[in-house]
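**Q** Based on what follows, work out the 3D shape:
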Amino acid sequence: MIGFADRMSTMGRLPVTLFAGTIFIAILVAPRALFGSDEAFIVAADSPDLAWGPCPAFMPEGCMIGVLQGDPAEPNADVFFKLPAGKTVPSHWHTSAERMVLVAGEMEVKYDGQDAVTLKPGNYAYGPPELPHWASCNSAVDCVLFIAFEEPVNAMPAEE
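**A** You can find the predicted model right below:
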């Protein structure tokens, strides 16, 4: 995300990744115990061990991403995406397909050319690569969405 391109630490955090002039999501990587391990693990969205980092600058304030497994700069990373109650993510797209399950809240999602749908906890959704979409957390509690990315994690604002 924009705003912490210079932030790197010895705690396994990633810098903002640039590709063809586009700014990708930079994510604070969870402690090594939560990813890249050969051991099985379980982590809850409210775990104090989960390191949350900000979303791209074009997304609403309070939006956060927590890496669950994998390296966001490589294929096959899993993340929690947290959107504050009442907030809307503007139209954007990803180079990767997204496989998603809503964990908390109620989230309306609309992909270009399709009707909006409302996800409730436990609902699965699939988003194809490069298809612009927006999302809104329409509940009194923050929305938490599990997302499995096939390609490196990124998000680009859609052109209006």
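
**Q** low pLDDT regions in the chain?
**A** For the chain, the stretches flagged by pLDDT under 70 are 1-37, 160.

**Q** At the geometric centre of the protein, which residue do we find?
**A** residue 81 (4.1 Å; C-alpha atoms, centre = their mean).

**Q** I'd guessed it sits against residue 142; true?
**A** No: between residue 81 and residue 142 there is no contact under C-beta atoms under 8 Å: 10.5 Å. No exception for glycine: its C-beta is placed from N, CA and C like everyone else's.

**Q** just checking, residue 103 touches residue 142?
**A** No: in this structure residue 103 lies outside contact range of residue 142 using C-beta under 8 Å: 10.2 Å.

**Q** picking up where we left off before, quick check, distance from the host helix or strand of the residue nearest to the centre of the chain to the centre of its chain.
**A** If you go by DSSP states H and E, residue 81 is part of strand 77-83. Here the centre of strand 77-83 is set off from its chain's centre by 4 Å, with C-alpha atoms, centre = their mean, to the nearest Å.

**Q** give me phi/psi at the residue nearest to residue 134 when sequence neighbours are not counted?
**A** Computed as C-beta to C-beta, 6 or more residues apart in numbering, the closest residue to residue 134 that is not its neighbour in sequence is residue 91, at 4.7 Å. The phi/psi pair for residue 91 (degrees, to the nearest 10) reads phi -60, psi 130.
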